[in-house]
Each structure stands twice: as C-alpha cells, then as structure tokens.
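**Q** quick one, fold the following:
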Amino acid sequence: MIQSDSISRLDVPCLHRIHIGQASGSHLIHEAIGMSIEMNDLIHRLERLNEKAAELKLPDNSFPVTFDDGWIDALKLQSVFESLNHIQPVLFLTMRQLRGDWSLLPLPRLYDSVSDAISDIDDIDSLRERLKGLCEEDQHALLDSMELPRDIPSPEMIGRDRLGDLVDSGWLIGSHSHDHHDLRFDDALALEEGLCEALDATLEAGGVPWLAWPEGRCRMEGCEIAKAVGFERQFSLNVPAGMVDHPDLIRREIWR
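**A** Below you'll find the model as predicted:
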C-alpha cells in the first residue's frame, strides 16, 4: 500500500491523454494545452521514476502514478506497469462515470470541436474558465446550445466494463468527485452531500477512498469536508488554486 513518506520524496505525476508518435485528431488540442504526452516519452519517464523509487528503497507499489478523467489511453500502459514494481497506477473517475455515463466530459467535448484548428484554442480560454465554474449539467447545456456533438458513450473513454480488468491487474480506482467542476465555491452542505455520494459510488465500484479534486483546485474548508465524509487521501495539482496546506492533500504535476 502507498505510504505518505514515499510520496513526499518525488513528484506525483498526473496523466490525461497519451498519444503514439505525432499527435493527431483529438490528441492535437490536448497536446496543445499540455494534457497529452507521447507514449515512448512517457514510458521512459515512468522507468526513470521507478528507478528513483528503487534508489530510495521505497516498497513495491508504494508510489502513485495517477490518471484523471477516464481516458481509454490509460489501457495502453497495462503491460508497462507489470515491470514497474515500485509504481502504483491510480485511475480517478467521476461519479457519473462510475455509474455508467461514459460520454466526454464537457471540456474535452469542447476541445473536440477545435481539434482540427489548433489556433482556435486561444479564442476559447474565457469559455474554458466559464465552463469550469458551472456544474456538469450546465456545462453540457451550454455546449448543446452551441450545437457541439456529444457521443454517448464515447469510444475515447474506458467504459465501466474495463474497470474490473484494471482492478484485477493491480490498479486502484479513486474518485474524481460527484461533479467535474471547480468545487471551491460550492455551498458547504451541498459539497458534503455530493462528496458522500461520490465516495459511496467509488467504494461500490471496488475503489479506494481517495479524491482527486476537479481541475486540481481546492480550499481548506473543502479538504476538511472531504476528510470528514471519509476520504483518506486527497490530490490536487501544482497550480496556485491547488496549493492548500492540508495534511491529507498531495499535489501532483501534470506530465506533458
């Protein structure tokens, strides 16, 4: 099992998309915003991370490599992790994903609309931030009003039927919350109720009581609420909105 002292010695990676060779299709926009990494480069970095963990004499499966949002790309690494004995892969999924909704999350749905025109990403930064402040339902409603397509389910997502295979091969499943938006400004009671529901869904799926805050953003009150409802470990990102000094919180670095 992962130990806190193991985590404090090395940066914890956060991964989203993985492409092979030159990025194309939907990977283009994710690479442009720093959320897709080339497969061979990733494997080399994982091997080096495993070597560093060995040099530090960390126990087997003691250092987390985390995957957010449920992309099917993670399956490309199933055999890779078999030889990286110090690393523990962790997949963070939203409550809707755990309950069977494998459509694209709103932001990736937006990125898909500009995947063939990379220059457009500069024009949608304000829309991205606006979406992050809305609940998923309202995000999708806004994108519906823009007539952007939505695949239900999306072939780019792992799908519930693959989770058992991942768990059987040693992966851990954690929560990416009850709703994928910036939760810092949610009402405390609503946040508590939502996180309770998310924790239940995670445990029902055979997961562990770990929470990755959406967008890597959190605040001290939210961390305390997550702890109180039963999340034993929490993850943010190395961004200003994720730099909360909470003892249960681990800040991650997006690999790109």
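
**Q** contacts, neighbours, all on C-alpha from now
**A** Will do.

**Q** residues contacting the closest residue in space to residue 215 that isn't next to it in sequence?
**A** In space, and not counting its chain neighbours, residue 215 is closest to residue 182: 6.4 Å by CA to CA, 6 or more residues apart in numbering. Residue 182 sits next to 132-134, 214-215, 217-218 when contact means CA atoms under 8 Å, 6 or more residues apart in numbering.

**Q** of all these, which comes closest to residue 159?
**A** Taking CA to CA as the measure, residue 159 lies nearest residue 214 of the contacts of residue 182, at 19.5 Å.

**Q** I figured residue 47 was touching residue 84, is that so?
**A** Yes. Taking contacts as CA atoms under 8 Å, residue 47 lies within contact range of residue 84: 6.9 Å.

**Q** those two: which is more packed in?
**A** residue 84 (20 against 16; other CA atoms under 10 Å).

**Q** tell me the secondary structure for that one?
**A** With DSSP: H, G, I helix; E, B strand; the rest coil as the basis, residue 84 sits in coil.

**Q** which SSE is the closest residue to it other than its chain neighbours in?
**A** The shortest distance from residue 84 to any non-neighbouring residue, by CA to CA, 6+ apart, is to residue 50 (6.0 Å). Using DSSP states H and E, the element containing residue 50 is helix 39-55.

**Q** now what about that helix, what contacts it?
**A** Residues contacting helix 39-55 (CA under 8 Å, 6+ apart): 18-21, 63, 80, 84-87.

**Q** narrow those to those in helices?
**A** Counted as lying in helices by DSSP state H, out of the contacts of helix 39-55, are residue 80.

**Q** looking at the contacts of helix 39-55, state which has the most neighbours.
**A** Greatest neighbour count in the contacts of helix 39-55, by other CA under 10 Å, goes to residue 63: 30 neighbours.

**Q** that residue against residue 86, yeah?
**A** Yes. Taking CA under 8 Å as the definition, residue 63 is a contact partner of residue 86 at 6.2 Å.

**Q** what segments of the chain are strands?
**A** 12-15, 17-19, 36-38, 63-68, 87-93, 172-175, 210-212, 233-237, 249-254 (DSSP state E).

**Q** how about those in a markdown table, adding distance to residue 201 and mean pLDDT?
**A** Putting the strands of the chain into a markdown table (distance: least, CA to CA, whole Å; pLDDT from 0 to 100) gives the following:
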| stretch | distance to residue 201 | mean pLDDT |
| --- | --- | --- |
| strand 12-15 | 22 | 98 |
| strand 17-19 | 24 | 97 |
| strand 36-38 | 28 | 97 |
| strand 63-68 | 16 | 98 |
| strand 87-93 | 10 | 98 |
| strand 172-175 | 8 | 98 |
| strand 210-212 | 12 | 98 |
| strand 233-237 | 16 | 98 |
| strand 249-254 | 21 | 97 |
